[in-house]
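A.B. asks: quick one: sequence and predicted model below, then my questions.
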Amino acid sequence: MNNAVIYIRVSTEEQVGEGHHSLPAQQAICNKLAKDLGYDVIRIFEDAGKSASNMKRPALLELLELCESDNSIKAVLVQDTDRLARNTQDHLSIRAILDKRSVKLISASQPVIDDSPEGKMIDTIVASVNQFQSDITARKTLKGMEQKAKQGW
């Protein structure tokens, strides 16, 4: 058995059905990846309108529970690792859970992330960059809100 699960996520309801990061786009990319790598997708986990800044996402938690209990799962497929986590510590925690069960994390857009020492180092760097991008976006959003408040909104 070469079973895999797919995890897809968008942070806003507006992104659910449109754009290159929409849920259908992510699912199509991950399904193609599974086919190319010879995995049978047994389940798709979807968190629509959920931020990846923390792990409090129903589908993610369910995915992790399934990976811990089902030895037939060999991989978790994502379009990008930022779909999984935008917090370095959470990303590393997720990786530890998957590694403990010998479940690979495979990203369609980041093929250099693998189980080699170099791949693990790149994975940690990418996780940090994902958090950095999230932190910058939060700062810009806060500044925009402050400006609107000053203007009476």
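C.D. replies: The structure has been received and is ready for your questions.

A.B. asks: could you measure from Lys74 over to Asp40?
C.D. replies: 10 Å (CB to CB, to the nearest Å). Placement of C-beta: from N, CA and C, glycine included.

A.B. asks: where does this structure have low pLDDT?
C.D. replies: Applying pLDDT under 70 to the chain flags residues 13-20.

A.B. asks: so which residues of it form helices?
C.D. replies: 23-37, 58-69, 88-100, 117-150 (DSSP state H).

A.B. asks: of all those, which one is nearest Val5?
C.D. replies: helix 58-69 (6.0 Å; CB to CB).

A.B. asks: would you indicate which residues of that closest one are buried?
C.D. replies: For helix 58-69, the neighbour count (16 or more other CB atoms under 10 Å) marks 59-60, 63-64, 66-67 as buried.

A.B. asks: again with stretch 118-131
C.D. replies: For stretch 118-131, the neighbour count (16+ other CB under 10 Å) marks 123, 126-127, 130-131 as buried.

A.B. asks: ok, which pair from those is furthest apart?
C.D. replies: Of all pairs in these, the most separated under CB to CB is Asp123 and Gln131 at 13.0 Å.

A.B. asks: quickly list what's touching both of the two.
C.D. replies: Contact criterion CB atoms under 8 Å, 6 or more residues apart in numbering; residues shared by Asp123 and Gln131: His91.

A.B. asks: quick check: phi and psi at the residue nearest to the spatial centre of the chain.
C.D. replies: The residue lying closest to the centre of the chain (CA atoms, centre = their mean) is Leu84, at 1.8 Å. With angles defined as degrees, to the nearest 10, Leu84 sits at phi -80, psi -50.

A.B. asks: what's the neighbour count on the nearest residue to it once chain neighbours are set aside?
C.D. replies: Excluding the flanking residues, the one nearest Leu84 by CB to CB, 6 or more residues apart in numbering is Val78, at 5.4 Å. The local packing of Val78 (other CB atoms under 10 Å) involves 24 other residues.
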